[in-house]
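Enquirer: Just need the structure, nothing else, for what follows:
(4 chains)
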Number of protein chains: 2
Amino acid sequence: MKVSKAPKIATSDTMPLNYYQKEDQVLLAVDCIIFGFHKKSLKVLLIKRNFQPEKGKWSLIGGFLKRNEQLDQAAERVLSTLTGLNNIYMEQLYTYSKVDRDPGQRTISVAYYALINVSSYQYDGIHIESAQWFDLEEAPPLIFDHNEMIERAMARLRRKAMTKPIGFELLPEKFTMRKLQNLYESILNKKLDKRNFVNKIISLDVLIKLNEKDMTTSRRGAFLYVFDKEKYEKKVEEEGFIFKI
Amino acid sequence: MKVSKAPKIATSDTMPLNYYQKEDQVLLAVDCIIFGFHKKSLKVLLIKRNFQPEKGKWSLIGGFLKRNEQLDQAAERVLSTLTGLNNIYMEQLYTYSKVDRDPGQRTISVAYYALINVSSYQYDGIHIESAQWFDLEEAPPLIFDHNEMIERAMARLRRKAMTKPIGFELLPEKFTMRKLQNLYESILNKKLDKRNFVNKIISLDVLIKLNEKDMTTSRRGAFLYVFDKEKYEKKVEEEGFIFKI
DNA sequence: TCAAAAGTGTTGAAGATACACCCATGT
DNA sequence: ACATGGGTGTATCTTCAACACTTTTGA
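Expert: Numbers count the residues shown, from 1 in each chain, chains lettered A, B, ... in the order given. So this is what the prediction gives:
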């Protein structure tokens, strides 16, 4: 390593406004990894391209950033346009910029991931517009660097779900302990001990047990819970509580 | 929430190549948060703008993405141009896209953070080109959203240094236990117990103790250590070892 | 009456934390 | 001889992991 005087060019971003005119412009896209949870497994929503180029291949949903919006808005717009869903948990993931990643034109893509809670209706009904849910292990090869995006999103989801209660975004408002455990088993991709899981969750003290049972999966029925968001946030604020599973 | 058929526009990114021509283009910048460690405290390297707009204000170093490079390369170029340093640990942090973040022109900025180990020479010598090291708590107000970038970088560094041995990037090759502890105290922003720290570090078994002492900080001298990168990587590969401090 | 899922506690091991004194050396 | 930072071990507490049987009820 050596140290040298910095040439003038180092300060090019600090030039007066008109200087910017000389710089290269690029297309900025957003692509969304949409996670859902259905019947004990984590799913990702993909669409099939039915035109050239890459016709017939599967892809994440995406779109281009417009001049008057910021990336979060673009991602929400793209998601809402495809699925009709609003107020979805979304988070920026990573920006992909390989020079030839899109053979059409130099395009940089900012990946977002979204967690949505799919009702059975949505799960079956989503087939409109050649969109389809895939089990994560069974996702097909995708265009460009989209498989890489899913990999990174999955890694992020794993890490994040261990320390922040984002997992609940993937469940309906009321859920059984078993559902919650299934979800975490999907995210972590391993079996958990039922007793240890319940003990841990209960000791976190951020769930409310309802006087209501889900009778669809057993004769005996299983109690339903809801996540107590206010309680969680108060704990974080007052005691620096960290959600840790 | 409602579900509706997706309008045609949802698939705009999958159109044939010439379709892209209609989309808005933007400027893409990279900004680098450069961390260093000197005399028991974490520092960040800033430069002073000496021209309009925002003349006289402090700023991160940055530059624009060129047509034929990817973001990682742009970030390396920017860093190397200012500091003359190469082969530096860098990582993409986040992409900032508020519509008015840069009053000059619509600019999206991808922030990177870098960890460099500053020798005393570099620490004092860096004053060239109006660059200066700041203690993190004493960083001045910066242009645009640069303070926000530093906040996020700091949060990332904290998290990352707890689970990956990236902290070592901030130290010279040979270092004393005390230096390492000081570093972690800076990153975590709290005092650590000397005995517990040493016990933990030693039990990780990824340091090599040298037969060499640093005589600059005490009469007795303190043993020097080096990080054993190969051993660390072998452990990760063979036993799924996770660096955990 | 039985099949199928729900529910429930204890023990041992490992890891984290708290804590205080002697050592080596240059001045 | 003393001042300064270097170096070391143990006891307690908390957290995690392993583990199996009883309950409910519809068919």
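Enquirer: From the contact counts, what lies against the helix ranked longest in chain A?
Expert: Counting residues, the longest helix found in chain A (DSSP state H) is helix A:146-163. In terms of contacts (3 or more C-beta pairs under 8 Å, 6 or more residues apart in numbering or on different chains; DSSP states H and E), helix A:146-163 is packed against strand A:25-38, strand A:89-96, strand A:107-115, helix A:177-188. From N, CA and C alone the C-beta is placed, and that goes for glycine too.
Enquirer: Recalculate using a threshold of 10 Å.
Expert: strand A:25-38, strand A:41-48, strand A:58-59, strand A:89-96, strand A:107-115, helix A:177-188, helix B:146-163 (3 or more C-beta pairs under 10 Å, 6 or more residues apart in numbering or on different chains; DSSP states H and E).
Enquirer: and chain A, what are its domains?
Expert: A:25-161, A:171-245 (automatic domain parsing).
Enquirer: could you redo those as JSON lines and give each row mean pLDDT and mean neighbour count?
Expert: Listed next are those as JSON lines, based on pLDDT from 0 to 100; neighbours: other C-beta atoms under 10 Å in any protein chain shown:
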{"stretch": "domain A:25-161", "mean pLDDT": "92", "mean neighbour count": "18"}
{"stretch": "domain A:171-245", "mean pLDDT": "96", "mean neighbour count": "14"}
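Enquirer: could you dump these to JSON lines with distance to DNA strand D?
Expert: As requested, those are exported to JSON lines (distance: least, C-beta to the nearest atom of the strand, whole Å):
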{"stretch": "domain A:25-161", "distance to DNA strand D": "15"}
{"stretch": "domain A:171-245", "distance to DNA strand D": "3"}
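Enquirer: nearest to DNA strand C, of those?
Expert: For those, proximity to DNA strand C was assessed by C-beta to the nearest atom of the strand; domain A:171-245 is nearest, at 2.9 Å.
Enquirer: returning to that earlier point: can you check what angle separates the longest helix of chain A from strand A:107-115?
Expert: Calculated by axes from the mean of the first three to the mean of the last three C-alpha atoms, to 10 degrees, helix A:146-163 forms an angle of 40 degrees with strand A:107-115.
Enquirer: what's the angle from helix A:146-163 to strand A:89-96?
Expert: Going by the same axes, to 10 degrees, helix A:146-163 makes 130 degrees with strand A:89-96.
Enquirer: between helix A:146-163 and strand A:25-38, how many degrees?
Expert: 60 degrees.
Enquirer: Helix A:146-163 to strand A:41-48, inter-axis angle?
Expert: Interaxial angle of helix A:146-163 relative to strand A:41-48 (the same axes, to 10 degrees): 150 degrees.
Enquirer: Could you tell me how far helix A:146-163 lies from the centre of the chain?
Expert: Its chain's C-alpha centre and that of helix A:146-163 lie 8 Å apart, by C-alpha atoms, centre = their mean, to the nearest Å.
Enquirer: now swap in stretch A:183-195 and tell me
Expert: Computed by C-alpha atoms, centre = their mean, the separation of stretch A:183-195 from the middle of its chain amounts to 19 Å.
Enquirer: Same question for stretch A:129-141.
Expert: That offset, for stretch A:129-141, works out to 15 Å (C-alpha atoms, centre = their mean).
Enquirer: for stretch A:68-83, same thing?
Expert: The answer for stretch A:68-83 is 14 Å, by C-alpha atoms, centre = their mean.
Enquirer: So is it next to chain B?
Expert: Yes. Using C-beta under 10 Å from any C-beta of the partner chain, stretch A:68-83 reaches chain B at A:68-74, A:77-83.
Enquirer: Switch those over to JSON lines; also include distance to A:Asp102 and secondary structure.
Expert: JSON lines is the format used below for the residues of stretch A:68-83 next to chain B (distance: C-beta to C-beta, whole Å; DSSP: H, G, I helix; E, B strand; the rest coil):
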{"residue": "A:Asn68", "distance to A:Asp102": "23", "secondary structure": "coil"}
{"residue": "A:Glu69", "distance to A:Asp102": "20", "secondary structure": "coil"}
{"residue": "A:Gln70", "distance to A:Asp102": "22", "secondary structure": "coil"}
{"residue": "A:Leu71", "distance to A:Asp102": "17", "secondary structure": "helix"}
{"residue": "A:Asp72", "distance to A:Asp102": "22", "secondary structure": "helix"}
{"residue": "A:Gln73", "distance to A:Asp102": "22", "secondary structure": "helix"}
{"residue": "A:Ala74", "distance to A:Asp102": "16", "secondary structure": "helix"}
{"residue": "A:Arg77", "distance to A:Asp102": "20", "secondary structure": "helix"}
{"residue": "A:Val78", "distance to A:Asp102": "16", "secondary structure": "helix"}
{"residue": "A:Leu79", "distance to A:Asp102": "20", "secondary structure": "helix"}
{"residue": "A:Ser80", "distance to A:Asp102": "23", "secondary structure": "helix"}
{"residue": "A:Thr81", "distance to A:Asp102": "20", "secondary structure": "helix"}
{"residue": "A:Leu82", "distance to A:Asp102": "19", "secondary structure": "helix"}
{"residue": "A:Thr83", "distance to A:Asp102": "23", "secondary structure": "helix"}
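Enquirer: Mind putting those into a markdown table with distance to A:Ala153?
Expert: Formatted as a markdown table, the residues of stretch A:68-83 next to chain B follow (distance: C-beta to C-beta, whole Å):
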| residue | distance to A:Ala153 |
| --- | --- |
| A:Asn68 | 27 |
| A:Glu69 | 22 |
| A:Gln70 | 20 |
| A:Leu71 | 16 |
| A:Asp72 | 16 |
| A:Gln73 | 20 |
| A:Ala74 | 17 |
| A:Arg77 | 19 |
| A:Val78 | 15 |
| A:Leu79 | 14 |
| A:Ser80 | 19 |
| A:Thr81 | 20 |
| A:Leu82 | 17 |
| A:Thr83 | 17 |
